[in-house]
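Undergrad: prediction below, plus the sequence it came from.
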Amino acid sequence: MDSIRIQGGRRLVGKIPISGAKNATLPLMIASLLTPETLTLKNVPQLADVQLLKRILGNHGVDYAVRGKRFAKEMPAGETLELSAHQIVDTTAPYELVSRMRASFWVIGPLIARMGEARVSLPGGCAIGTRPVDFYLQGLEALGAEIAVEGGYVIAKAPRGLIGARVVFPRVSVGATHTILMAAALAKGESVIENAAREPEVADLAECLVKMGARIEGAGTGKIHVQGVGALHAAEHSVLPDRIETGTYAMAVAATGGEVTLCGGRPDLLRAALDTLGEAGIDVTETNEGIRVARNGGPLRPVTVATEPFPGFPTDLQAQLMALMSRADGTSEITETIFENRFMHVQELSRLGADIRLDGQTATIRGVEKLTGAQVMATDLRASVSLVIGGLAAEGETVVNRVYHLDRGFERLEEKLSACGAEIERLRA
Ligand code: EPZ
């Protein structure tokens, strides 16, 4: 298994191109199941999760082709992916595939909406929490689907099609919002989704669905109206920039010091995280190219933050902020409110010398004078990258093991960081 070796202590200076968002790309790819015509997605990042989803969709009968140019040094230029679900040959999403990527459970929405049936493996547990699917099932039942759970599979049936309805989520769920939105797009009549996720990736999916002929209003707010249509058609859509990648590199620069422009990064997608960096004493400026982040010798002030659904501080940046705050001049508090077990990075950051105490869902981080390089191991995607940030800020050598987690969500991480002066390399197993 590959690992990443970092020689810490280098300032980051230069430009980093921001890729298309993983968490927008995945539901957009799944939306291709809704139409027999071709969905063309631009600015698609090259990531292990995207590769895996191609395979999963291929299993349902989706043909795909990759077109266009690839990575340019200064500005982002993702792949163009054409997806054609001309004929759905299989409505089962098997355990072997769904268990490898939770988001693939979302195929249940388009499959039942278009085919009247779906048999999708339950995704199972995961390193960051239990992550049940009850909201998805309640939502689909509200749209008239009959649901049974048998042998680890959800079997959903709606032989006469789905019927528009009011769906009220008990709490905000990004995936359940994506799924019900896709299902409602092809249901008969009007649906209203209340307490919907307001994440930019939901708005991006809705924008693409509208281009495909869906009638949707209110995406990006807590209440989404959908007028079902009989069929959707071909469309072309460009994936929005990755706000988590943007925030991650912003925190890396904050941790090492230096000055980096995050080209293509959009401040409106991560206002809360940028405000937190501002509070910590980091200079954040919007420029024509994107976002410039600078820390030139000033102190790093501690912060108190709780993760929240959008527009609050994202859980997907919690680990990275913790790595940053482990070097602050004072004591920070970070509370995780979305996932009950998203603290696996704490122990590993401690191996680098961080002083972190966990009490329930709150971590108290006492800033230390210095971090020191060590061997560390990651358990999930964002935890892995927090260790990279720790390693960049630490003195000496850090080796981050199990980097396959990083490849799921960060495109060309080592290349982007070394272009800004980091000493980072991949050790191939
Ligand atoms: C999405 O996961 C993201 N994944 C996650 O990013 C992100 O952390 C999360 O949203 C929150 O922002 C993708 O977009 C592919 P949720 P999702 O449903 O949709 C509970 C990353 O690192 N819940 O919004 O699975 C759930 O357990 C990943 O890129 C139920 O109780 O998250 C959690 O506590 C990790 N029942 C909360 O809601 C349900 O039926 C929010 O989860 C559904 C969810």
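TA: Perfect, thanks for sending it.
Undergrad: what's the helix or strand for the residue in the chain that the ligand sits nearest to?
TA: Scanning the chain for the residue nearest the ligand gives Gly175, at 2.9 Å (criterion: CB to the nearest ligand atom). From N, CA and C alone the C-beta is placed, and that goes for glycine too. Assigned by DSSP states H and E, Gly175 belongs to helix 174-185.
Undergrad: contact partners for the closest residue to the residue of the chain closest to the ligand other than its chain neighbours?
TA: Computed as CB to CB, 6 or more residues apart in numbering, the closest residue to Gly175 that is not its neighbour in sequence is Trp106, at 5.8 Å. Applying CB atoms under 8 Å, 6 or more residues apart in numbering to Trp106 gives the contacts 26-27, 30, 175, 178-179, 182.
Undergrad: and Trp106, which of the three is it?
TA: helix (DSSP: H, G, I helix; E, B strand; the rest coil).
Undergrad: roughly how far apart are it and Glu146?
TA: 19 Å (CB to CB, to the nearest Å).
Undergrad: around the ligand, pick out the residues from the stretch 51-200 of the chain.
TA: 102-103, 129, 131-136, 171, 173-176 (CB under 6 Å from any ligand atom).
Undergrad: cutoff 8 Å now
TA: 102-103, 128-138, 170-178, 197, 199 (CB under 8 Å from any ligand atom).
Undergrad: can you say which of those are buried?
TA: For those, a burial check counting by 16 or more other CB atoms under 10 Å picks out 102-103, 128, 131, 133, 135-138, 172-178, 197, 199.
Undergrad: still on that earlier bit, hang on, isn't the residue of the chain closest to the ligand packed against Phe105?
TA: Yes. Counting by CB atoms under 8 Å, Gly175 does reach Phe105; the two are 7.2 Å apart.
Undergrad: list residues touching both of the two?
TA: Common neighbours of Gly175 and Phe105 (CB under 8 Å, 6+ apart) are Tyr136.
Undergrad: domain ranges for the chain, per the record?
TA: With domains defined by automatic domain parsing, the chain comprises 3-16+241-427, 25-238.
Undergrad: can I get the contacts of Trp106 in TSV including pLDDT?
TA: Listed next are the contacts of Trp106 as TSV, based on pLDDT from 0 to 100:
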residue	pLDDT
Leu26	98
Pro27	98
Ile30	98
Gly175	98
His178	98
Thr179	98
Met182	98
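Undergrad: re earlier: just give me the lowest mean pLDDT stretch among the domains of the chain.
TA: Within those, confidence is poorest for domain 25-238, with a mean of 93 (mean pLDDT).
Undergrad: and that one, how far out from the chain's middle?
TA: How far domain 25-238 lies from its chain's middle: 15 Å, per CA atoms, centre = their mean, to the nearest Å.
Undergrad: make residue 1 into 168 and carry on from there
TA: Done: numbering now begins at 168, and the last item shifts to domain 192-405.
Undergrad: end-to-end on it?
TA: In domain 192-405, first residue to last residue: 9 Å (CA to CA, to the nearest Å).
Undergrad: could you check the angle helix 341-352 makes with the helix or strand that comes right after the helix holding Gly342?
TA: Moving toward the C-terminus from helix 341-352, the next helix or strand (DSSP H and E) is strand 357-361. What separates the directions of strand 357-361 and helix 341-352 is an angle of 170 degrees, with axes from the mean of the first three to the mean of the last three CA atoms, to 10 degrees.
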